[in-house]
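what's the 3D shape of this:
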Amino acid sequence: MNTPTRLVLVGLSLALGACAGMFRSQSAAPEVYALRAGPAVVTPHAVEATLVVARPVARPGLDGDRIAVTLPDRRLDAYAGGRWSAPLPRLVEGLLVDGLRGAGAFRAVVTERSAFGGRYLLQVEITEFAADYAAVGATPVARVTLRGELGIGTERRLIASVTGSAAMPAKADRQRDVAAAFESAYAAAAAQLIEAVDEAAFAEASAPHR
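Numbers count the residues shown, from 1 in each chain. Purely as a prediction, here's the structure:
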């Protein structure tokens, strides 16, 4: 092989290697965190009807799978190396359905994508779900707020507005500790919301109807 040909082949090899490197990520894979619903909040009420849970909506910045952070100057950011196991509205939907089923107040609890309808409809908004840093270097506090509207789906009639809110400080400024704090804060907020939903539906079902 003559020298010009050898130089061309070497150049081609380097170019192909550079192209391959463009599609190879040099950053570490993000850590993925799941949330558990926590212990079931069993209520003494019994409502002989089905509850439909609509897919929750989230405030801007909270609707993806990134773990949101509130900085001292109130800017909303996110951890670079951490993700939730699903976009937050879908994650909260599954947890809420499990929690409401575990409470046992309704005959059945289904999502809005179910083939079966129901008398009651619950729409939840995730208004707060961020790790709050009060100061630079401070240990963050996981803040969770869920606001819901419960109504009669077929009548488009609002019964009650319900809320669940909690804050839980992380043990340390590490993502796994922040995720654990979120799990505790979510469990407390969801317990408040579920109890309020059950009480409101039971009151409506027990009231005399014309």
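
now do the contacts for the nearest residue to P140 once chain neighbours are set aside.
Spatial nearest neighbour of P140, excluding adjacent residues (CB to CB, 6 or more residues apart in numbering): A131 at 4.0 Å. Just so you know, the C-beta spots here come from the backbone N, C-alpha and C atoms, and that holds for glycine as well. By CB atoms under 8 Å, 6 or more residues apart in numbering, the contact list for A131 reads 67-70, 79, 140-143, 170, 178, 181-182.

closest to A160 among the residues you listed?
R143 (23.4 Å; CB to CB).

list the contacts for that closest one?
R143 sits in contact with T70, E128, F129, A130, A131, D132, S165, A166, A167, A185, where contact means CB under 8 Å, 6+ apart.

please report phi then psi for it.
R143 adopts backbone torsions of phi -120, psi 130, taken as degrees, to the nearest 10.

and for the one 10 residues further on?
When quoted as degrees, to the nearest 10, the phi and psi of G153 stand at phi -60, psi -50.

ditto for I194
phi -60, psi -40.

just the pLDDT for the residue most central in space within the chain.
The C-alpha lying nearest the average C-alpha coordinate of the chain belongs to L88 (CA atoms, centre = their mean; 3.1 Å). pLDDT, L88: 97.

now the one 3 residues further on
Predicted confidence (pLDDT) for L91: 97.

contact partners of the strand or helix carrying it?
Taking DSSP states H and E as the definition, L91 sits inside helix 88-103. Helix 88-103 has contacts (CB under 8 Å, 6+ apart) with 34-38, 40-43, 51, 53, 55-58, 62-65, 84-86, 106, 109-111, 122, 124, 126, 129, 146, 186, 190-191, 193-195, 197-198.

again, only this time at 6 Å
Helix 88-103 is contacted from outside by 37, 40-43, 53, 55-56, 58, 62, 84, 109, 126, 190, 194, 198, using CB atoms under 6 Å, 6 or more residues apart in numbering.

just curious, which of those residues is nearest to E155?
Of the contacts of helix 88-103, the one sitting nearest to E155 (CB to CB) turns out to be V53, at 17.8 Å.

partner residues bridging that closest one?
Here V53 sits in beta bridges with T111, L122, going by DSSP bridges.

for this structure, give me the ranges with low pLDDT.
For the chain, the stretches with pLDDT under 70 are 1-28, 209-210.

so which residues of it form strands?
Taking DSSP state E as the criterion, the chain carries its strands at 31-33, 47-53, 57-58, 66-70, 76-84, 106-111, 120-132, 141-152, 157-169.

any chance of these in CSV, plus distance to A203?
Below are the strands of the chain laid out as CSV (distance: least, CB to CB, whole Å):
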stretch, distance to A203
strand 31-33, 37
strand 47-53, 10
strand 57-58, 26
strand 66-70, 35
strand 76-84, 34
strand 106-111, 14
strand 120-132, 12
strand 141-152, 11
strand 157-169, 8
